[in-house]
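Colleague: below are the sequence and a predicted model; questions follow.
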Amino acid sequence: MKKDLLKLLDLSSQDILTILDTADQLKAMKKAGIQHPFLAGKTLAMIFEKSSTRTRVSFETGMYQLGGNAIYLSDKDSQIGRNEPVEDTARVLSRFCDGIMIRTFAQEEVETLAKYASIPVINGLTDFCHPCQVLADLMTIREHKGKLAGLKLCYIGDGNNMANSLIVGGLKCGMTVSIACPDAYRPDPAVLDFAQQYPGMLQCTPDILAAAKDADVLYTDVWASMGQEGESSQRKLVFEGYQINDAVMAAAHPGAMVQHCLPAHRGEEITAAVFESHADEIFDEAENRLHAQKAVLYLLMK
Ligand code: CP
Ligand code: NVA
């Protein structure tokens, strides 16, 4: 049976740990200069219906380092933007390629693509979730803190794709998760339902300092995600104060680390001072997109 990475809800805790362990091994090989062409001769099709810097470059570079090849398809210059059905795109790409990565709006589009494709499909971000980012985040937190289970992860901001994936990934790895968000911007109901399997492990509150209290990891993301550009001025009013700043750092555990999926808006969801004093952790996190995704590519496409 073919395997996909559509959302972290589909993975077991052990699946996640296997990906993280494989990512650590691939990172060590890369740092030691050991060649690892495990996907020689294989091609990944990458469909982008939204912008990207990290996801595009890390997948393309990752395929190259694994000995394979990647093809960038934007909606603007492929037939996807002219409404070719995703069911047909899935079956065509399955005849040419060995895997598909897709970044789009609706999670349903990714699920349909996977249903019709005979090759693995990887979710490179939807409005619902961002599983590849959170695998890199978990890898980075484990590198810096030496463990995941027992840590408290606090996310401040919109209950968006990042919040959804952080809740699922964090809980599956034994972390307690707190989300500080306005009441009207809570995470997806399906994710809140899932969290009921972990009694007492998820807190969701509009109270930023209560959420940040004793946190080992503080995380934030933009107030307006891709596709919400038209709401950006209204969101600036709603999310005012949902920011990682000195007061939030002081509420957290001493030595708390800061993560941001990037791109960052200094002065909105994070202050410039906090960002720069935690830049090493944040750019380790960005680097780990490469290693975590190479692990996913290897495990799904080898
Ligand atoms: N964090 C992230 O997915 O970045 P890009 O939008 O640049 O791919
Ligand atoms: N929530 C953001 C994440 C970007 C990586 C967005 O969807 O635009």
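Modeller: That came through fine. Ligands and ions are numbered 1, 2, ... in the order given.

Colleague: host element of the residue nearest the centre of the chain?
Modeller: The centre of the chain sits closest to residue 133, judged by Cα atoms, centre = their mean, with a distance of 2.2 Å. Residue 133 belongs to helix 131-145 when elements are defined using DSSP states H and E.

Colleague: pull out the buried positions in that helix.
Modeller: 131-144 (16 or more other Cβ atoms under 10 Å). Yep, even glycine has a C-beta here, placed from its N, CA and C like the rest.

Colleague: again with stretch 83-97
Modeller: Those would be 86, 89-90, 93-94, 97, for stretch 83-97 by 16+ other Cβ under 10 Å.

Colleague: with adjacent residues omitted, what lies nearest to residue 141?
Modeller: residue 217 (5.5 Å; Cβ to Cβ, 6 or more residues apart in numbering).

Colleague: so what's the one you found scoring on pLDDT?
Modeller: You'll see residue 217 listed with a pLDDT of 99.

Colleague: burial count for it?
Modeller: Residues near residue 217, counting by other Cβ atoms under 10 Å, number 27.

Colleague: identify the bridge partners of it.
Modeller: Note on residue 217: beta-bridge partners by DSSP bridges are residue 153, residue 257.

Colleague: that one: what's it in contact with?
Modeller: Counting by Cβ atoms under 8 Å, 6 or more residues apart in numbering, residue 217 makes contact with 141, 145, 151-154, 256-259.

Colleague: still on that earlier bit, which of the buried residues of stretch 83-97 fall in helices?
Modeller: Those of the buried residues of stretch 83-97 mapping onto helices are 86, 89-90, 93-94, per DSSP state H.

Colleague: may I see those residues organised as JSON lines, with distance to residue 300 added?
Modeller: JSON lines is the format used below for those (distance: Cβ to Cβ, whole Å):
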{"residue": "86", "distance to residue 300": "19"}
{"residue": "89", "distance to residue 300": "19"}
{"residue": "90", "distance to residue 300": "15"}
{"residue": "93", "distance to residue 300": "15"}
{"residue": "94", "distance to residue 300": "14"}
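
Colleague: if I follow the layout properly, residue 222 ends up in contact with residue 269?
Modeller: Yes - applying Cβ atoms under 8 Å as the test, residue 222 and residue 269 come out as touching, 6.2 Å apart.
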